[in-house]
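Show me how the following folds:
(one chain, ligands or ions: 1)
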Amino acid sequence: MTNIEHYAVFGSPIKHSKSPRIHKLFAEQTQQALVYDDQEVPAEQFQSAVSDFFEQGGKGLNCTLPLKELAWSFADIKTERAELSKAVNTLALQADGSILGDNTDGVGLLTDLINNHQVKLSNTHVLILGAGGASRGIILPILEQNVASLVIANRTIDKAINLANEFTHKGTITGCGFDDLANQQFDLIINATSSSLSNDLPPLPENILRKNGVCYDLAYGNEPTTFVKWGKKNQASKSLDGLGMLVEQAAEAFFIWRGVRPNTKDVIALLNAERGKVI
Ligand code: NDP
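Next up, the predicted model:
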């Protein structure tokens with residue numbers, strides 16, 4: 001008899017999530033017997049919902065907005081990249097019953113930028129907008145690409161400064177508010193705020209994007225996000241949304257759980273075709 005194992009994504013809001021579809025495609029492609037569903041879990045219910053899930057035989061979870069810091073606290077053991085980011089998007093039941101916490105957002109973003117879109121990061125000046133859970137997960141992998149500098153700008157300025165201070169031993173990184181960005185220029189601007197979810201945009205000065213610069217919005221949708229549109233209007237050489245990152249971070253989680261690496265290019269192409277865009 002086939003033993004079908006249970007995985008899920010927890011978050012709030014969650015109904016927009018494409019993760020169940022992505023993991024279903026991975027499971028079909030790699031012939032793995034599993035189910036993966038979504039569950040609306042607000043922060044105050046996180047502890048009981050995760051405990052129930054694993055007690056009822058669940059094998060692995062993804063945690064998304066606003067649960068990544070809570071998932072970090074929940075995990076019994078953590079990978080180094082999760083430990084440093086203080087945010088966990090993947091929980092995996094281990095053979096001894098403990099729960100491993102990992103963060104696959106950074107590797108997902110870099111695989112999409114570097115492998116899928118041929119964006120070079122070494123010696124570039126990079127700006128991350130936002131200082132929430134997603135921002136935490138991508139800082140270290142970006143610094144590890146030997147960027148010339150990394151600036152974190154956030155609406156709540158203290159959060160950006162404190163976050164940057166956690167990583168100063170890993171590279172050239174500073175935190176600031178949006179007003180402090182005047183007269184600065186960047187090769188790559190990553191929107192890790194959730195502003196696109198409300199069709200909003202952080203206030204950005206003119207000429208902040210260098211010639212041939214790249215824009216990347218972690219958010220994604222069936223239509224170009226507000227930030228992707230901003231990038232196009234400001235002559236970005238590429239203005240990308242986070243669908244590729246979503247698939248790549250999911251593939252890394254799938255590998256952690258199942259030990260099998262799915263082919264992401266086919267899945268990205270399919271999801272792009274479904275929203276009417278050819279990459
Ligand atoms: P959090 O809730 O942890 O953080 C939200 C961040 O956005 C904070 O820095 C907050 O600023 C800022 N923010 C919210 N609204 C605005 C606004 N109107 N103007 C300016 N700043 C704003 O969310 P996450 O970090 O988990 O997620 C951020 C985004 O990244 C979401 O859109 C999410 O969907 C996306 N994401 C995509 C992934 C992918 O695979 N493609 C993976 C992970 C995340 P403040 O601190 O001042 O409140």
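
does any part of the strand or helix carrying N62 sit near the ligand?
According to DSSP states H and E, N62 maps onto strand 60-63. No: Strand 60-63 lies out of reach of the ligand by C-beta under 6 Å from any ligand atom, never closer than 9.5 Å. For glycine as for every other residue, the C-beta is placed from the backbone atoms N, C-alpha and C.

What is that strand packed up against?
If you count contacts as 3 or more C-beta pairs under 8 Å, 6 or more residues apart in numbering; DSSP states H and E, strand 60-63 packs onto strand 5-11, helix 46-55, helix 68-74, strand 90-93, helix 243-258.

of the ones you listed, which approaches I128 most closely?
helix 243-258 (13.4 Å; C-beta to C-beta).

Output that closest one as CSV, nothing but the C-alphas.
Extracted C-alpha coordinates of helix 243-258, given in CSV (Å, rounded to 0.1, in the frame of the first residue of the first chain):
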residue,chain,number,x,y,z
LEU,A,243,7.3,33.8,-9.2
GLY,A,244,10.6,32.2,-10.1
MET,A,245,11.9,32.6,-6.6
LEU,A,246,8.7,31.0,-5.3
VAL,A,247,9.2,28.0,-7.4
GLU,A,248,13.0,27.8,-6.6
GLN,A,249,12.5,28.1,-2.8
ALA,A,250,9.8,25.4,-3.0
ALA,A,251,12.2,23.1,-4.9
GLU,A,252,14.7,23.5,-2.1
ALA,A,253,12.1,22.7,0.5
PHE,A,254,11.0,19.7,-1.6
PHE,A,255,14.6,18.5,-1.7
ILE,A,256,14.9,18.9,2.1
TRP,A,257,11.7,16.8,2.7
ARG,A,258,12.0,14.2,-0.1
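
and that helix, what does it pack onto?
Using 3+ C-beta pairs under 8 Å, 6+ apart, helix 243-258 is in contact with helix 19-30, strand 60-63, strand 90-93, strand 99-102, helix 105-110, helix 264-274.

how close does the closest residue to the ligand within the chain get to S17?
Relative to the ligand, the nearest point of the chain is G132 (2.0 Å; C-beta to the nearest ligand atom). Distance, G132 to S17, using C-beta to C-beta, to the nearest Å: 17 Å.

Which one's more surrounded, the two?
Neighbour totals were compared for G132 and S17, and G132 leads with 20 against 17 (other C-beta atoms under 10 Å).

quick one: contacts for that one?
If you count contacts by C-beta atoms under 8 Å, 6 or more residues apart in numbering, G132 has them with 65-66, 192-194.

Closest to the centroid, which residue in the protein?
For the chain, the residue sitting closest to the mean C-alpha position, by C-alpha atoms, centre = their mean, is D105 at 3.7 Å.

Tally up the residues packed near the closest residue to that one other than its chain neighbours, please.
Counting by C-beta to C-beta, 6 or more residues apart in numbering, D105 lies nearest to G137, which is 3.5 Å off, once chain neighbours are set aside. G137 has 29 neighbours, counted by other C-beta under 10 Å.

any idea whether G137 is helix, strand or coil?
helix (DSSP: H, G, I helix; E, B strand; the rest coil).

just checking, it touches N89?
Yes: here G137 lies in contact with N89, judged by C-beta atoms under 8 Å, at a distance of 6.7 Å.
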